[in-house]
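# following is a predicted model, sequence given first.
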Amino acid sequence: MKISQRAQSVAPFYAMEFGKRAAALEAQGHHVVKLSIGEPDFGAPPAVLDVMREVMDGRPMTYTAALGLPALRQAIADFYLTRHDVVVDPSRIIVTSGASAALVLAAAALVDPGDEVLIGDPSYPCNRQIVESFGARVALVPTAAETRFQLDAASVRSHWTDRTRGVMVATPSNPTGTSVPTDELAAICDLARERGAWRIVDEIYLNLSDHDAQGRPPRSALSSDPDAVVINSFSKYFGMTGWRLGWCVAPEPLVPVLERLAQNYFLCASAPAQHAALAGFTPESLAVCEARRIEFAERRALVVDGLERIGLPVPVPPDGAFYVYFDVSRTGLTSWRFCERALQEAHVALTPGRDFGVHTADTHVRLSYAASTDDLREGIDRLEKFLATL
């Protein structure tokens, strides 16, 4: 059987690989502290679970429209207005089978073979793998602590070529948990728009970002660039990782294109998950999600302080998501070897920088604090003892 070049070029997702190794150790009877996967431990809000139980009572569950339930699209539009002070016509919202499906649709609609796409390094690996699957050449733009490990307008301008057709930004970012400042994001989008290029902004972690001094939530890219393609998900803020439900906000001319693609690729997102997700926008559910966001901030402080204390510096403290990206270079180990030994010797699962690009591949490690406080404390203690053996 001949395997396609597309499939052969896709690299493993190392976070999942280390998750498999952790599961194997657990099967042998070890207690592994799993800090490698970005999966909130809370689960969906209670009201969402209640509706799912209700709709799964044996009634026929038919396909929805390819763009999603009208009521859910309206609820998402209302959320942008009340939470981010942005008016979004619900007709521009496409409900998808997770944010990954939204990225697949956007890439299928926008990318032609040979197009160049600018993405920051480090960045979430699946984003670049998806656009490469449609024939793009991804130009990984090195970033540094000085720019919060994020793209800025200056780096985008300096790496722009005649082949550049688009820019993909994730804010807050996986793996660093850092955000692009609002003005800087607007400048990046302005630069790309002036050159006729598309902008995909991954806002999956936007609602897990810190609020400002006045208690205001972060702004969406849509507030400065209404024609950006914005991706979001029910997995992180709403805690619905296994439900595989996300959405995309697209410029009006792109909607029928995405609809055709969705009809052919996916038919529609899970109907029961869509019905249940409506309950995520009730005042009670949003209060639950906000309480969890605050708890994540408390967990972050525990982890950042703990890593600094044991000699694993965090170059840029995160301001969103639930990741810390720390430097292991002073240990004398590459990030890959550090993660291998931490898992095998300390039974702590982490993710090496190799997952996220090339610039910090050997020097940095991602820790997910989407785990219980007890596990986080235990993980830091185990890493401290592990470091003492090096």
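Received, thanks.

# P318: how many residues sit nearby?
29 (other CB atoms under 10 Å). (Glycine included, C-beta is placed from N, CA and C.)

# likewise for V88?
20.

# now swap in T62 and tell me
7.

# if I look at the residue nearest to it when sequence neighbours are not counted, how far off is R244?
Closest residue to T62 apart from its sequence neighbours, by CB to CB, 6 or more residues apart in numbering: A271 at 6.6 Å. Noted for A271: a distance of 12 Å to R244, by CB to CB, to the nearest Å.

# also D50?
Taking CB to CB, one finds D50 at 20 Å from R244.

# when those two are compared, which one has more neighbours?
Comparing D50 with R244 by other CB under 10 Å, the one with more neighbours is R244, at 18 against 12.

# residues contacting the residue nearest to that one when sequence neighbours are not counted?
Spatial nearest neighbour of R244, chain neighbours left out: G98 (4.2 Å); criterion: CB to CB, 6+ apart. Contacts of G98 were listed using CB atoms under 8 Å, 6 or more residues apart in numbering, and they are S233, S235, R244, L245, G246.

# just the buried members of those?
By neighbour count, with 16 or more other CB atoms under 10 Å, these hold S233, S235, R244, L245, G246 as buried.

# which one among those gets closest to F281?
Nearest to F281, judged by CB to CB, of these is L245 at 12.8 Å.

# check whether that closest one really touches F234, as I assumed.
Yes. With contacts defined as CB atoms under 8 Å, L245 counts as touching F234 at a distance of 4.4 Å.

# what touches both of those two?
A273, A277.

# so where do the helices sit in the stretch 251-390 of the chain?
255-265, 271-277, 283-309, 335-346, 373-388 (DSSP state H, counting those that start in this stretch).

# hang on, the earlier thing: was I right to think the residue nearest to T62 contacts T64?
Yes. Applying CB under 8 Å, one finds A271 in contact with T64, separated by 5.2 Å.

# okay, P272 and V257: tell me how far apart.
27 Å.

# secondary structure class for V95?
Following DSSP: H, G, I helix; E, B strand; the rest coil, V95 is assigned to strand.

# contacts only, for it.
V95 neighbours (CB under 8 Å, 6+ apart): 64, 67-69, 72-73, 76, 245-247, 268-269, 274.

# can you check A297 too?
A297 touches D210, counting by CB under 8 Å, 6+ apart.

# now M168
V117, L118, I119, S123, N127, R128, V131, R199, I200, V201, D202.

# what bridges to it?
As for beta bridges, M168 partners with I119, I200 under DSSP bridges.

# need the pLDDT of it.
pLDDT for M168: 98.

# and what of L103?
At L103, the pLDDT value in this model is 97.

# SS state for it?
Going by three-state DSSP: L103 is helix.

# tell me if I'm right that it and V229 touch.
No. At 9.3 Å, L103 and V229 do not qualify as touching, with contact defined as CB under 8 Å.

# find the residues that touch each one of those two.
Joint contacts of L103 and V229 (CB under 8 Å, 6+ apart) are I200.

# now G114: how far from R137?
7 Å.

# between those two, which is the more surrounded one?
A side-by-side neighbour count of G114 and R137, using other CB under 10 Å, places R137 first with 15 against 10.

# how about that one: what's its closest non-neighbour residue?
Per CB to CB, 6+ apart, closest to R137 is E116, 5.0 Å.

# and that neighbour, how many neighbours?
17.

# what's the answer for E17, then?
E17 has 14 nearby residues by other CB under 10 Å.

# for I188, see how far away R157 is.
R157 is 9 Å from I188, by CB to CB.

# of those two, which one has the most company?
Using other CB under 10 Å as the criterion, R157 and I188 rank with I188 on top: 29 against 12.

# check which helix or strand covers that one.
Using DSSP states H and E, I188 falls within helix 182-194.

# stretch 218-225: end-to-end distance?
15 Å (CA to CA, to the nearest Å).

# mind listing what S368 touches?
Counted by CB under 8 Å, 6+ apart, S368 has contacts L35, S36, I37, G38, E39, F322, Y323, T351.

# now pLDDT, neighbour count and distance to L206 too, for those residues, in JSON lines please.
Listed next are those as JSON lines, based on pLDDT from 0 to 100; neighbours: other CB atoms under 10 Å; distance: CB to CB, whole Å:
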{"residue": "L35", "pLDDT": "96", "neighbour count": "28", "distance to L206": "23"}
{"residue": "S36", "pLDDT": "92", "neighbour count": "28", "distance to L206": "23"}
{"residue": "I37", "pLDDT": "87", "neighbour count": "16", "distance to L206": "20"}
{"residue": "G38", "pLDDT": "87", "neighbour count": "22", "distance to L206": "15"}
{"residue": "E39", "pLDDT": "88", "neighbour count": "18", "distance to L206": "18"}
{"residue": "F322", "pLDDT": "96", "neighbour count": "26", "distance to L206": "13"}
{"residue": "Y323", "pLDDT": "97", "neighbour count": "24", "distance to L206": "14"}
{"residue": "T351", "pLDDT": "95", "neighbour count": "29", "distance to L206": "22"}
